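Q: coordinates only, no sequence provided:
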């Protein structure tokens, strides 16, 4: 008879509050929200509630990569935009090293199977073509000897970014180019993910950007943050996550909300407004990931 493998499970609440305050009334244009976790073998959503001020109409849809997107439209002028998301999930334990790579892809370099090439091509094309020589120079300085096991290659690149670069929280939107990150030796999680992805694509490996949450429990069991990392497509294993901010393979602490080919395509909240010139809104964001009983 077959054996059913049981995994331990924790229930989590993710609270994400985004507030913009304006010095004068503005007209809010449609906003795009990516706050809904991507369900998988290890993550199941129990409930999801989004509250927004001012009055709004919201439409849910799935984009081309199956991200869950809420499009919000407004009809009145306002000096404040408040978006509150509360999601309860079941998060099952996941051994991040419990996977097997197909024999032909165990060592790098390798060529993806012909039947997968067309689907993977967009994720192998560089986003920053002007930076390729600098990315190659960084890879050369790592001293990786070829051929090399594919996972070892990715693991060493992941750890190198974590150890060689200084983490710096950046609140301004956008992503640094790999050239800027390499020159400054610093960046945010999304900047490190962009460099890792570009290095993977330079080596012919399909990779994509991931936006989501990081569960960082403290003694009180309540803490968290928005976060970004990368995924690489490994034949036989599928899309596997690598977090160059911490140098680890993604696991139970990572909760993905969206994936994208381009690092700037999936911010949690995106939109614009019409108002007086030189108006700079004040932004406040609060994220909390806490355990639930039961």
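A: All right, it came through fine. Note that the coordinates shown come from a computational prediction; the quantities given were computed from them, not determined experimentally.
Q: which stretches of the stretch 1-150 of the chain have low pLDDT?
A: Residue ranges of the stretch 1-150 of the chain with pLDDT under 70: 1-7.
Q: that one: strands as residue ranges?
A: 9-28, 31-33, 43-53, 56-62, 68-74, 78-92, 107-108, 148-149 (DSSP state E, counting those that start in this stretch).
Q: where do the helices sit along the protein?
A: With DSSP state H, the ranges of helices along the chain come out as 114-120, 132-141, 150-164, 178-184, 189-202.
Q: could you say which of the ones you listed is packed most deeply?
A: helix 189-202 (a mean of 26; mean count of other C-beta atoms under 10 Å). C-beta here means a position set from N, CA and C on the backbone, and glycine is covered the same way.
Q: run the chain-centre distance for that helix.
A: The chain centre lies 12 Å from the centre of helix 189-202; the measure is C-alpha atoms, centre = their mean, to the nearest Å.
Q: can you check stretch 270-289 too?
A: Centroid separation between stretch 270-289 and its chain, computed with C-alpha atoms, centre = their mean, is 21 Å.
Q: that stretch: which residues count as buried?
A: By neighbour count on 16 or more other C-beta atoms under 10 Å, the buried set for stretch 270-289 is 271, 273, 275, 287, 289.
Q: swap in stretch 70-88?
A: 70, 72, 74, 78, 81, 83-87.
Q: quick check: chain neighbours aside, which residue is closest to residue 276?
A: Distances taken as C-beta to C-beta, 6 or more residues apart in numbering place residue 24 nearest to residue 276, at 5.2 Å, with adjacent residues excluded.
Q: what average pLDDT does stretch 211-219 get?
A: Computed over stretch 211-219, the mean pLDDT rounds to 81.
Q: er, stretch 271-282 actually
A: 94.
Q: quote the end-to-end distance of it.
A: Chord length of stretch 271-282, first to last residue, is 15 Å (C-alpha to C-alpha, to the nearest Å).
Q: for residue 282, name its beta-bridge partners.
A: For residue 282, the beta-bridge partners under DSSP bridges are residue 21.
Q: the nearest residue to residue 243 once chain neighbours are set aside: neighbouring residues, count only.
A: In space, and not counting its chain neighbours, residue 243 is closest to residue 229: 4.1 Å by C-beta to C-beta, 6+ apart. Using other C-beta atoms under 10 Å, residue 229 has 27 neighbouring residues.
Q: out of the strands of the stretch 1-150 of the chain, deepest packed?
A: strand 31-33 (a mean of 20).
Q: mind listing what that strand pairs with, with the direction of each?
A: Strand 31-33 pairs in its sheet with strand 68-74 (antiparallel), strand 269-270 (antiparallel), by DSSP bridges.
Q: in JSON lines, list the ones you listed along with distance to residue 102.
A: Shown next, in JSON lines, are these (distance: least, C-beta to C-beta, whole Å):
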{"stretch": "strand 68-74", "distance to residue 102": "30"}
{"stretch": "strand 269-270", "distance to residue 102": "37"}
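Q: wait, which of those strands is closest to residue 142?
A: Smallest distance to residue 142 across the strands paired with strand 31-33 (C-beta to C-beta): 34.5 Å, for strand 269-270.
Q: circling back to that earlier point, who does the residue nearest to residue 243 bridge with?
A: Counting by DSSP bridges, residue 229 is bridged to residue 210.
Q: look up how far residue 61 lies from it.
A: Distance from residue 229 to residue 61, counting by C-beta to C-beta, to the nearest Å: 25 Å.
Q: ditto for residue 262
A: Distance from residue 262 to residue 61, by C-beta to C-beta: 19 Å.
Q: I am finished for the moment; much appreciated.
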